[in-house]
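build me a structure from this.
(chains A and B)
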Amino acid sequence: MNIENKITENVKSALKQLYNADIDDKSIQIQKTNKGFAGDLTVVVFPFLKISKKNPEQTGQEIGAYLQETVDEISNFNVVKGFLNLEIAASFWIEKLNEIDKISGFGFANPAGNAPLVMIEYSSPNTNKPLHLGHIRNNLLGFSLSRIMAANGNRVVKTNIVNDRGIHICKSMLAWKLFGNGETPETSGLKGDHLVGKYYVEFDKHYKAEISALMEKGMSEDEAKKSAPLIVQAQEMLLKWENNDLEIRELWKMMNAWVYAGFAETYKKLGVDFDKIYYESETYLEGKGKVEEGLQKGVFYRREDGSVWADLTADGLDEKLLLRADGTSVYMTQDIGTAKLRFDDFPIDRMIYVVGNEQNYHFQVLSILLDKLGFAWGKSLVHFSYGMVELPEGKMKSREGTVVDADDLVAEMEQTALDTSRELGKLDGYTENEIRDTTSKIALGALKYFILKVDPRKNMTFNPKESIDFNGNTGPFIQYTYARIQSVLRKAAPLPCGEGLGEGLPLSEKELTLIQLLNDFPAIVKQAGEEYSPSVIANYVYDLTKEYNQFYHDFSILKEENEDLRAFRLALSENVAKVIKNALYLLGIEVVERM
RNA sequence: GGCUCCGUGGCUCAACUGUAUAGAGCAUCUGACUACGGAUCAGAAGGUUACAGGUUAGAAUCCUGUCGGAGUCACCA
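Numbers count the residues shown, from 1 in each chain, chains lettered A, B, ... in the order given. Prediction:
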């Protein structure tokens, strides 16, 4: 039993003994004692006043006295206003550290063969343009979430649904055919996804010109948009694609292959990966069967024109189209199809979709539809909905060229990290490759931490001009602290054996606070899993790091003459480093040994 | 307009299963390097948590309304 539960039990018996009354667990609140007050844990006494019929001070004193008597770990207590602050004996925390010291995977649940299988879909790019800042947030959140779910004892399957077909890719293909002169990634020196993206922009440029030309001739805007030769050709191309036209399919394969090579590079850079990739070209027809099935079950209905609809008015929503009159599928149909394939492939217990919050409504509908179609996990599917990344001027707009490209951003940050490192002379004596490797990890650490520390649900602002700080509440700050601990540990080698560290030593408040923070880690991991929020981990590891830095500056470790104390502080540092490493792992951030 | 989400010092963010003096970082100002690693630390200044009511012993947090911002309400994906 952990200390909080023990106290809760004893508060209950205190109330029974002192006031002959029972109370529900919810009314017993135990929290960490705020800074500035003596004590480690605090019991809020207000809920007990009705029972005790005494003032808060008196009630607190009586319960405190009882607890001190019955709970060995409580060494002292005080009451301030309605708060009963309990001091936990140093020996208790020291023992905790000794326990933590023995567990290398501290904070991570042991994986079990029959653990729930969680599938996480993230990334899900279109193949007509390179990844941008918004995708970065998606990828980082999805990947981190997969590690957090695994750390909570789930079996995790990371998946990606690539939107590789549709009018958008036809636009790029057409523009390449018309204006490309056979340009390839090799001849142009462009990364494949950037090359294809270039022609997507090219299409748009010429298309716009055609529209304004038509409008000058007196055509309405709507009409011009529909009848511009380029869009007509693109639609013809899509039709040919759907009819398996050999030439179009070959072109499509070639250009998609360029894009995949480009994406692979970006994914590798970001450190994210997938266990199973689905392609929409292979799944988009799947949903029709399910819709037919739903039609037979009477879950859906067919209109006179032949289109198929779901009536969700009973659920407080509207009617939703599932198949067009011509029998072709829409977005929703495809998602149903993909769900079917996935369910055939894996015994999914829980499905998590990492998709932006502009699709909140879509997933609300999808959840209901899947449930109606009999998917066990339909109702409980999680739409991990995250906010948009905005620029100081507002939204990113591709038309205005304000989209922050993922590859550019990473490259810029790597350059900044490299420059900073050179300036500080930190990596002198390292080879060029080692320096690039390390500064790359620092740059990625900065980017990942910057994005993951924000509550996923909220929109966030990214200022590209100021780029990202390497000081303060940042990834590099945490990586730096880790690297410095490693340096201390190297110098202290050989490290003392960990048995019975710190026993009987007069430890300071800071040291005890650190142990308490370490002790919190498993609960933090659990919370992050329950709330689907990597930011919980990020904010925790920052607190821990900041606390350690203060400790580090207040005490000398290697120069400490009391050998037991020295050994204790080394062990404490070692465990802080361990937890930092484990926490950063959950965020997908690598530690560096030297920076 | 309907529905959903958001509004915290100059800026970026915490705290949102109610609870003590609303925490950090950046920027500004003042200090600390013969360094167990200064990508650090200590300190100052900066807030009636958009506004108005309500519930409560107690509200940034819950409820109602107002204002402001974002998203969505496609036979697009």
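
list the buried ones in stretch A:416-423?
Using 16 or more other C-beta atoms under 10 Å as the test for burial, stretch A:416-423 gives A:416-418, A:420-421. For the C-beta atoms, the positions are set from N, CA and C on the backbone; glycine is no exception.

return the member of these nearest to RNA strand B.
A:Ser421 (3.7 Å; C-beta to the nearest atom of the strand).

quick one: contacts of the strand or helix carrying that closest one?
Assessed by DSSP states H and E, A:Ser421 sits inside helix A:406-424. Residues from elsewhere that reach helix A:406-424 (C-beta atoms under 8 Å, 6 or more residues apart in numbering): A:130-133, A:135-136, A:191, A:194, A:265-266, A:269-270, A:427, A:435-436, A:438-440, A:442-444, A:446-447, A:464, A:467-468, A:470, A:476, A:595.

contact residues of the stretch 401-550 of chain A facing RNA strand B?
Residues of the stretch 401-550 of chain A found near RNA strand B (C-beta under 7 Å from any atom of the strand) are A:417, A:420-421, A:424, A:426, A:439, A:442, A:453-455, A:457-461, A:463, A:466, A:469-474, A:476-477, A:480, A:483-484, A:486-488, A:491, A:535-536, A:539, A:542, A:546, A:549-550.

okay, buried residues for the helix or strand where A:Leu572 lies please.
Per DSSP H and E, A:Leu572 falls inside helix A:563-587. Buried residues in helix A:563-587, defined by neighbour count with 16+ other C-beta under 10 Å: A:565-587.

counting contacts, what elements does it pack onto?
helix A:90-102, helix A:133-151, helix A:432-452, helix A:475-492, helix A:509-531, helix A:534-554 (3 or more C-beta pairs under 8 Å, 6 or more residues apart in numbering; DSSP states H and E).

can you pull the contacts of the residue of the stretch 51-200 of chain A found nearest RNA strand B?
Relative to RNA strand B, the nearest point of the stretch 51-200 of chain A is A:Phe83 (3.6 Å; C-beta to the nearest atom of the strand). Contacts here follow C-beta under 8 Å, 6+ apart; on that basis A:Phe83 touches A:37, A:42-45, A:60.

most packed of the helices and strands packed on helix A:563-587?
Mean neighbours per residue, mean count of other C-beta atoms under 10 Å, is largest over these for helix A:133-151, with a mean of 24.

which residue is the nearest non-sequential neighbour of A:Ile63?
Leaving aside its sequence neighbours, A:Ile63 sits nearest to A:Ala14 (C-beta to C-beta, 6 or more residues apart in numbering; 4.9 Å).

any low-confidence regions in the stretch 401-550 of chain A?
Applying pLDDT under 70 to the stretch 401-550 of chain A flags the ranges A:496-499.

where does it get nearest to RNA strand B, which residue?
Taking C-beta to the nearest atom of the strand, RNA strand B has its nearest neighbour within the stretch 401-550 of chain A at A:Gly472, 2.2 Å off.

and that residue, backbone torsions?
phi 80, psi -140 (degrees, to the nearest 10).

that concludes my questions; thank you for your assistance.
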